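Engineer: Quick one: sequence plus predicted model below, questions after.
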Amino acid sequence: MITAKHILEQLAGCSLPEWHLVEPSLRRKTLLPGDTVFRAGVAHPFV
């Protein structure tokens, strides 16, 4: 199973040394085919 930490480290290109601060804020969201994750032009400062 691929973890959120693994995916985010791959995107960052390095390990995440303060992972313990990030992990509690993660929320799992199941999407159906065709669901929208982000709308164009809408700011998401928490992402």
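Structural biologist: The structure has been received and is ready for your questions.
Engineer: Show me what counts as buried in stretch 23-40.
Structural biologist: Under the neighbour-count criterion of 16 or more other Cβ atoms under 10 Å, stretch 23-40 has nothing buried. For glycine as for every other residue, the C-beta is placed from the backbone atoms N, C-alpha and C.
Engineer: pLDDT on it, on average?
Structural biologist: Throughout stretch 23-40, pLDDT has a mean value of 87.
Engineer: Do me a favour and get the end-to-end distance for it?
Structural biologist: 27 Å (Cα to Cα, to the nearest Å).
Engineer: got the residue ranges for the helices in this protein?
Structural biologist: With helices called from DSSP state H, the chain shows them at 4-12, 19-22.
Engineer: Dump these into a markdown table; add distance to residue 41 and mean neighbour count as well.
Structural biologist: A markdown table is the format used below for the helices of the chain (distance: least, Cβ to Cβ, whole Å; neighbours: other Cβ atoms under 10 Å):
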| stretch | distance to residue 41 | mean neighbour count |
| --- | --- | --- |
| helix 4-12 | 22 | 11 |
| helix 19-22 | 26 | 10 |
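Engineer: Now residue 15: closest residue in space that isn't a chain neighbour?
Structural biologist: Distances taken as Cβ to Cβ, 6 or more residues apart in numbering put residue 9 closest to residue 15, at 5.7 Å, once the chain neighbours are dropped.
Engineer: which residues does residue 26 contact?
Structural biologist: residue 4 (Cβ atoms under 8 Å, 6 or more residues apart in numbering).
Engineer: and the gap between it and residue 3?
Structural biologist: 10 Å (Cβ to Cβ, to the nearest Å).
Engineer: Residues touching stretch 38-47, excluding its own?
Structural biologist: Nothing outside stretch 38-47 qualifies as a contact, by Cβ under 8 Å, 6+ apart.
Engineer: Tell me the spacing between residue 30 and residue 37.
Structural biologist: Residue 30 sits 12 Å away from residue 37, taking Cβ to Cβ as the criterion.
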